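Enquirer: have a look at this prediction, sequence included:
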Amino acid sequence: MTSAGLVARPAADAAAYRAVEHIYHSYVTGLILMLASRAGAPRTAEVVFRTFRRQQLARFLPGLKKLGLDQLPHAVACAQYHYLSNQVGGVKVEYVYESDSKAWVRYPPPRWIWSGTAICGIPSEVSRAMLRGWHANNGVVLGNPRLGFVLHGPDRRRPAGARRLLQGMGSRSRA
């Protein structure tokens, strides 16, 4: 029983959360497709960039602390943060530790955010804007100008959603 006298129904709650997630995800995808078709790729990329940058500035440092990553070397902390936070959000992602100064995050295709055939209408610069808005600003937020972001693997012969994205965050200093 809950404090309101209702019986807790975790399975029903989980299904309800999945339904809300699906509605929200579909809405955001549709909104970005509409913006791309009406305002063009550069304006859509700017909106996506600003959205992800705002999220990063609000959530990145508190998230590092909450996940217990704030004492790790910056490159490792950032890569683990992106791995863990994306996993929690249902995004297919992989993490590889190379050294204290280099770690990788891989987002295997298809990109989670562009569900189904929507991937065909999303300009590649819009997908890159997400990474520029968040991942590329990690060093700035951490006060570590030596922390970099590298995007590997865009294969121009494949559609944007089928490109393999890897994130390398290397830092020459431990902090």
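Expert: That came in fine, so what should we check first? Residues are numbered from 1 along each chain as shown.
Enquirer: going forward, measure contacts and count neighbours with C-alpha atoms only.
Expert: Fine.
Enquirer: can you show me the helices along the protein?
Expert: For the chain, the helices defined by DSSP state H occupy 10-39, 41-66, 74-88, 124-133, 138-141.
Enquirer: what angle do the longest one and helix 124-133 make?
Expert: I take that to be helix 10-39. 120 degrees (axes from the mean of the first three to the mean of the last three C-alpha atoms, to 10 degrees).
Enquirer: just the third one next, same as before
Expert: Angle of helix 74-88 versus helix 124-133, following the same axes, to 10 degrees, is 120 degrees.
Enquirer: relative to D70, how far out is the residue lying closest to V96 once chain neighbours are set aside?
Expert: With C-alpha to C-alpha, 6 or more residues apart in numbering as the criterion, V96 has its nearest non-adjacent residue at 5.0 Å, and that residue is W104. Per C-alpha to C-alpha, to the nearest Å, W104 is found 17 Å from D70.
Enquirer: rewinding a little: you'd agree the residue nearest to V96 is up against Y95?
Expert: Yes - using C-alpha atoms under 8 Å, W104 is in contact with Y95, at 5.7 Å.
Enquirer: between those two, what contacts are shared?
Expert: Residues touching both W104 and Y95 (C-alpha atoms under 8 Å, 6 or more residues apart in numbering): A79.
Enquirer: more neighbours, these two?
Expert: A direct count of neighbours by other C-alpha atoms under 10 Å for W104 and Y95 places W104 higher, at 25 against 19.
Enquirer: that one pairs with what?
Expert: Per DSSP bridges, the residues bridged to W104 are V96, G168.
Enquirer: oh, and call the first residue 57 from now on, that's how I've got it
Expert: In the new count, where the first residue is 57, that last one comes out as W160.
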